[in-house]
Structure formats: C-alpha cells, structure tokens
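In: Based on what follows, work out the 3D shape:
(one chain, ligands or ions: 2)
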Amino acid sequence: MSTSIKSSTNELTFASVPAADGLNKALALSRVDIIDAIHESKLKGRGGAGFPTGTKWNLAAAETRTPKYMICNADEGEPGTFKDRVILTEFPDLVFDGMTIGARAIGASLGLLYLRAEYGYLHEHLENVVARRRKTGLLGRDIAGIEGFNYDVLIAMGAGAYVCGEETALIESLEGFRGEPRNRPPFPVVSGFLGRPSVINNVETLAWVACIFSKGVEWFRSYGTGASAGHKLFSISGDCEHPGVYEFPFGITVAKLLKEVGGEDAKAVQVGGASGRCVPRSEFERRLAFEDVPTGGSIVVFGPDRDMRAIAHNILDFFVDESCGQCTPCRLGNPKLLQGVEMLQEGTCSLQYLNDLKGLARTMQVASKCGLGQTSSVAFMSILEHFENEVLGRKPLL
Ligand SMILES: Cc1cc2nc3c(=O)[nH]c(=O)nc-3n(C[C@H](O)[C@H](O)[C@H](O)COP(=O)(O)O)c2cc1C
Ligand code: SF4
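Out: Residues are numbered from 1 along each chain as shown. Ligands and ions are numbered 1, 2, ... in the order given. Reported below is the predicted structural model:
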C-alpha cells in the first residue's frame with residue numbers, strides 16, 4: 001500500500017503489515033502469552049511518557065472488577081505532532097487490531113477511540129472501518145470464532161482542549177464532564193472510565209502492537225536501542241526542506257535526522273512538542289531515545305534566524321490558553337512566565353527577576369497536578385540554558 005510516511009531506509013513497516021494479520025496471530029495465543037510477548041518486545045508507549053505497554057496491560061489484566069475498557073488516545077494535541085493523523089487515515093486497521101489484542105489481553109469488553117475535535121473529518125472514515133470490522137467478525141461477539149470474546153469500539157469526539165490528551169482528563173471528558181485531570185493514584189488501570197479498570201494507549205503504540213504480532217518480537221527488538229526498542233514515527237516540521245511524517249529507529253541522532261529532512265543549518269530543534277525541550281546545535285549528536293532525549297515524536301526545526309524569545313513566548317502563550325486552571329502553580333505560573341518573556345523582549349527583566357522566574361518554573365515542575373503544568377516550563381528553561389545571551393539581548397562573546 002502507498003503511504004505518505006517517509007523513511008531513508010525504505011522500511012515503512014505499517015505499509016508492510018496486512019490488516020488483521022497481527023490480530024489473528026495474537027488470538028492464537030493465551031491472554032498471558034499475549035502480555036508476555038508485549039513485555040518481551042520492550043514496547044514503550046508512543047504517547048510521550050514512554051510507559052512500558054506490557055506492564056500497563058499486566059496491571060489491568062490483574063484487576064478482577066469488570067467491565068474493563070481498552071481505550072485509544074487519538075487526541076494528538078501536542079503542537080507539532082501529526083503522525084497519529086496519518087496512521088488513522090492510512091492504517092486504521094492496525095490501530096483497531098492493536099485495541100482488540102489489548103482487549104483480549106486485559107479482558108475488556110468495550111473500547112473507545114477518543115478523537116480530537118480537529119480530526120472530525122476522520123470520524124466517518126473511522127466509523128466505516130468499525131462497521132466493516134463488525135461485518136467481518138473482527139469486532140462484536142465471539143471475535144475470530146473465540147467463544148465469549150466480545151469486544152466492540154465506539155468513536156468519541158473531543159472538543160478541542162489540549163489537556164484532554166492527558167489520560168485522566170480524557171476519561172473525564174469521555175464520561176461527559178469537563179476535561180480536568182484527576183489525582184493519581186488511583187491510576188486508570190485500577191479505576192478509569194466509569195471507575196473501572198481501563199487501559200489507555202496512544203494510536204501509534206497500538207499500531208506497533210499489531211506489527212509486533214505480525215512480524216515477531218525479535219524483529220521489533222532488533223531495531224532501536226536497549227532501552228528504546230523498535231522504530232518510531234516522527235512528525236517533522238519547521239525550517240527544513242522536507243517536512244513530514246518519518247519512520248526512523250529509536251536512537252537516531254538529531255544530526256542524522258536533520259540531514260534526512262534537509263534541516264542541517266538549524267540552530268536548534270524543539271523535541272517533544274511544546275512540552276518538550278529545546279536542543280541546541282551543540283547537542284545535535286544526542287540520540288532520540290527515552291534514555292537520552294525522550295520524545296512522543298514531534299520535532300520542530302528552528303533555522304539560524306529564528307528568535308528564541310519569540311519561540312518561548314509562543315510556547316508559553318499556548319500553555320496559558322490550555323491550562324485547565326484547576327491547580328495554582330500552573331494556573332498562575334504560566335501567565336507569570338509569559339509576562340517574564342515579554343519583559344525579556346522589552347529589555348526590562350533584571351537578572352534577579354530572571355532567577356525568580358527560574359525558581360517559579362522549578363516549583364511548577366514539582367507542584368503542578370498533571371503533566372501539563374509539570375512540563376510547560378521545560379522549553380523556556382532549556383532556551384534560557386542554551387541561549388542565555390540571545391534571550392538577554394547580549395552580544396555573544398567571541
Ligand atoms: C497535557 C497532556 C497531553 C497529552 N496528550 C496526549 C495525546 O494527545 N495523545 C497521547 O497519546 N498521549 C497524550 N498524553 C499522554 C497520556 O496521558 C498517556 O500517557 C498516553 O496516552 C498513554 O499511552 P501510551 O502508553 O501508549 O503512550 C498527554 C499527557 C499530558 C500530560
Ligand atoms: S497542571 Fe495545569 S492543566 Fe494540569 S491540573 Fe493543574 S491547572 Fe490543570
């Protein structure tokens with residue numbers, strides 16, 4: 001099948017895996033063996049946090065309360081991320097295969113795919129895929145002839161809030177409430193949708209699950225690094241000649257990736273979206289992997305003429321807008337940081353006040369209730385760390 005995903009090595013995995021192949025192979029195994037295979041594959045979640053998928057499934061499988069839910073996070077709200085959109089458009093069967101394998105493993109009877117509001121145009125397409133899968137026995141009752149294996153999927157629409165990609169806010173939204181993150185613990189594997197054990201996995205994670213069962217655990221582990229197995233999809237945008245969605249193995253250096261996309265003259269890249277860190281040119285030999293520079297897959301390239309204060313402003317402006325306002329460090333901290341960047345732009349921020357802002361950022365990272373407030377200052381801090389002269393309007397020392 002043709003795909004808009006690119007790769008330097010011509011290894012376009014999703015295009016080489018037939019629909020239902022991974023599912024049929026997984027369903028020939030016991031539930032325990034399915035989870036063991038995912039453990040052994042070392043698959044880590046592709047939604048950003050990199051939590052081991054096998055561990056998550058095992059925790060949900062161990063819960064005795066029913067019904068259980070297998071949920072797909074298709075909120076894809078991280079700025080600069082658009083790989084899940086391509087997967088849902090071109091390879092939706094791999095995602096539903098992954099959900100159904102997960103449902104079998106943990107004992108879920110219902111699945112929900114939470115689709116971001118901006119992807120509303122994909123709703124009908126996904127409903128058609130679900131309808132086709134029901135007709136062909138890949139969803140519904142006694143799936144693939146396995147008596148008692150009943151699983152169906154509903155598509156649920158988001159309403160346009162970035163925080164609803166956070167798994168507990170997503171659950172609140174699915175339940176019809178305002179999308180506000182919950183306290184954790186309890187984690188969703190214990191008490192998730194409607195207070196029942198629920199697994200939430202990213203679109204790409206689920207597509208890899210289908211590939212792992214189709215091509216084998218060894219095949220998957222033969223790529224990537226020891227701590228970050230397999231290939232990864234990257235959404236690459238900004239100041240480069242060939243932006244798009246790319247498949248690369250984990251462990252690729254920033255420099256190699258920039259060469260592939262025609263962005264060699266970059267002065268920095270923002271890795272992991274607005275909540276990720278800004279990697280300067282001096283660190284382009286670092287590897288994109290959970291043990292070095294972690295990422296959910298967003299890479300925004302900044303060319304030599306980009307103004308780093310403007311970038312920090314743009315990112316913090318986003319978080320001021322998207323904070324749900326539930327907790328004080330995030331609700332009040334983000335506007336304070338944004339105001340600080342404006343003072344830096346005007347040349348009215350003293351070094352003493354800049355130090356106060358750094359202290360505030362550190363407090364937000366430890367005291368905010370959810371990942372949004374814990375990471376919203378990461379880009380600002382890394383821009384300060386690597387571009388202090390530019391941010392302070394000083395000429396660099398030669
Ligand atoms: C503010 C915020 C937004 C998030 N947005 C997304 C998202 O759009 N898609 C996603 O898969 N995970 C997102 N996450 C991570 C999820 O909470 C969760 O870790 C993930 O869906 C788990 O799937 P995985 O284990 O397959 O990566 C977000 C987290 C935070 C804190
Ligand atoms: S950190 Fe921000 S987004 Fe998360 S709960 Fe607190 S106010 Fe809401």
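
In: For stretch 210-223, give me every contacting residue.
Out: The contact list for stretch 210-223 (C-beta atoms under 8 Å, 6 or more residues apart in numbering) reads 13-14, 17-18, 21-23, 25-26, 37-38, 40-43, 93-95, 97-98, 101, 208, 229-231, 249-250. (Glycine included, C-beta is placed from N, CA and C.)

In: can you give me the end-to-end distance of that stretch?
Out: Taking C-alpha to C-alpha, to the nearest Å as the measure, stretch 210-223 stretches 16 Å from start to finish.

In: Okay, now the unreliable bits of the protein?
Out: Scanning the chain for pLDDT under 70 picks out 1-2, 9-10, 395-398.

In: now the strands: where do they sit in it?
Out: Assigned by DSSP state E, the chain shows strands spanning 69-74, 110-115, 152-157, 198-202, 231-238, 244-249, 268-271, 277-280, 298-302.

In: among those strands, which is nearest residue 5?
Out: strand 244-249 (5.0 Å; C-beta to C-beta).

In: could you dump the closest one to CSV, C-alpha only?
Out: What follows is strand 244-249, C-alpha atoms only, in CSV (Å, rounded to 0.1, in the frame of the first residue of the first chain):
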residue,chain,number,x,y,z
GLY,A,244,6.5,15.3,7.0
VAL,A,245,6.0,12.0,8.9
TYR,A,246,9.1,9.8,9.0
GLU,A,247,9.8,6.3,10.3
PHE,A,248,13.2,6.1,12.0
PRO,A,249,14.7,3.7,14.5
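
In: ok, back up a step: with distance to ligand 1 and mean neighbour count as added columns, please give the strands of the chain in TSV.
Out: Output for these, formatted as TSV (distance: least, C-beta to the nearest ligand atom, whole Å; neighbours: other C-beta atoms under 10 Å):
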stretch	distance to ligand 1	mean neighbour count
strand 69-74	4	27
strand 110-115	9	22
strand 152-157	14	17
strand 198-202	3	28
strand 231-238	12	23
strand 244-249	15	21
strand 268-271	16	27
strand 277-280	15	23
strand 298-302	10	26
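
In: Make a markdown table out of the ones you listed and add distance to residue 379.
Out: Compiled in a markdown table, the strands of the chain are given as follows (distance: least, C-beta to C-beta, whole Å):
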| stretch | distance to residue 379 |
| --- | --- |
| strand 69-74 | 22 |
| strand 110-115 | 26 |
| strand 152-157 | 29 |
| strand 198-202 | 21 |
| strand 231-238 | 14 |
| strand 244-249 | 22 |
| strand 268-271 | 6 |
| strand 277-280 | 5 |
| strand 298-302 | 10 |
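
In: need those strands in a markdown table with distance to ligand 2, can you?
Out: Below are those laid out as a markdown table (distance: least, C-beta to the nearest ligand atom, whole Å):
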| stretch | distance to ligand 2 |
| --- | --- |
| strand 69-74 | 16 |
| strand 110-115 | 17 |
| strand 152-157 | 20 |
| strand 198-202 | 16 |
| strand 231-238 | 22 |
| strand 244-249 | 28 |
| strand 268-271 | 20 |
| strand 277-280 | 18 |
| strand 298-302 | 19 |
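
In: so which of those gets nearest residue 391?
Out: So among the strands of the chain, strand 277-280 is nearest, using C-beta to C-beta, at 11.3 Å.

In: In contact with residue 46, which residues are there?
Out: Residues near residue 46 by C-beta under 8 Å, 6+ apart: 202-205, 208, 232-233, 296-297.
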